[in-house]
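Peer 1: Structural data only, the sequence is not supplied:
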């Protein structure tokens, strides 16, 4: 008797994204940024405040933010006003500003004992881990947004990256500036990242008179 070659029967696994909100994560609004900062300041959570502030200013991907070294943003006894790193994804340089409030929070964080002799700006808690992981960073972002009553499924590490550029775009409509700030090589990538639709483009066009 011969048997047909039947496909193996496998247990049906639930989809990885079942019950989750997937897709682009929302940027934070200015009032959200302010609320999170206030909570971190009240809690005297110096590391998280510095990390949050620099995440907003730098607009870096999580993988680049967590691997920042002290030397990347600190020189001659002070935090730089502008810094530059090579992006791990594109291998291209990107520059970013570090505002006064962020510089102050970083200097306060660097006074902590754990930072003595640390090569990395966000050192890990264990000796075998030189810096915090992207997963740890994602957990922190969830805690931050939950602390002010936001739905953590709607926000993520890319919310931090998008927050400042989304605000810049809404105020200026300058896509080229946003492209440079994000370190994108193609304008199409910037358009998709911001989620710009035809209505946005028309609104900008209507505001310009020739």
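Peer 2: Received the coordinates, thanks. Since the model is a prediction, treat every value here as computed from it, not as a measurement.
Peer 1: Show me what residue 85 is bridged to.
Peer 2: When bridges are called by DSSP bridges, residue 85 pairs up with residue 94.
Peer 1: So residue 101 lies in a helix, does it not?
Peer 2: Yes: applying DSSP: H, G, I helix; E, B strand; the rest coil, one finds residue 101 inside a helix.
Peer 1: I'd guessed it sits against residue 52; true?
Peer 2: No: under the criterion of CB atoms under 8 Å, residue 101 is not in contact with residue 52, lying 10.9 Å apart. C-beta coordinates here come from the backbone N, C-alpha and C atoms, glycine included.
Peer 1: Compare neighbour counts for those two and give me the winner.
Peer 2: Between residue 101 and residue 52, residue 52 has the larger neighbour count (other CB atoms under 10 Å), namely 23 against 13.
Peer 1: residues in contact with the more buried one?
Peer 2: Applying CB atoms under 8 Å, 6 or more residues apart in numbering to residue 52 gives the contacts 36, 37, 40, 144, 160.
Peer 1: same thing with residue 189?
Peer 2: With CB under 8 Å, 6+ apart, residue 189 has these contacts: residue 179.
Peer 1: got it, and the one 4 residues further on?
Peer 2: For residue 193, the set of contacting residues under the criterion of CB under 8 Å, 6+ apart consists of 24, 162, 182, 184.
Peer 1: tally of neighbours for residue 56?
Peer 2: Residue 56: 22 neighbours (other CB under 10 Å).
Peer 1: Distance of it relative to residue 162?
Peer 2: In this view, residue 56 and residue 162 are 10 Å apart by CB to CB, to the nearest Å.
Peer 1: What of residue 130?
Peer 2: 27 Å.
Peer 1: Likewise for residue 64?
Peer 2: To residue 162, residue 64 is 15 Å away according to CB to CB.
Peer 1: Isn't residue 158 up against residue 24?
Peer 2: Yes: with contact defined as CB under 8 Å, residue 158 reaches residue 24; the gap is 7.3 Å.
Peer 1: of those two, who's got more company?
Peer 2: Set residue 158 next to residue 24 and count neighbours by other CB under 10 Å: residue 158 wins out with 17 against 14.
Peer 1: For the more buried one, which non-adjacent residue is spatially closest?
Peer 2: residue 25 (4.8 Å; CB to CB, 6 or more residues apart in numbering).
Peer 1: Quick one: distance of the longest helix along the chain to the chain centre.
Peer 2: In the chain, with assignment by DSSP state H, the single longest helix is helix 157-172. Centre-to-centre, helix 157-172 and its host chain are 10 Å apart (CA atoms, centre = their mean, to the nearest Å).
Peer 1: What ranges does the protein have for its helices?
Peer 2: Under DSSP H, the chain gives helices at 30-42, 46-58, 62-65, 70-73, 100-110, 134-147, 157-172, 175-182, 187-194, 198-206.
Peer 1: Please identify the most buried of the ones you listed.
Peer 2: helix 46-58 (a mean of 23; mean count of other CB atoms under 10 Å).
Peer 1: my guess is the residue nearest to residue 158 meets residue 161, correct?
Peer 2: No: applying CB under 8 Å, one finds residue 25 not in contact with residue 161, separated by 9.0 Å.
Peer 1: and residue 81, what is it in contact with?
Peer 2: The contact partners of residue 81, taken as CB under 8 Å, 6+ apart, are 97, 98, 103.
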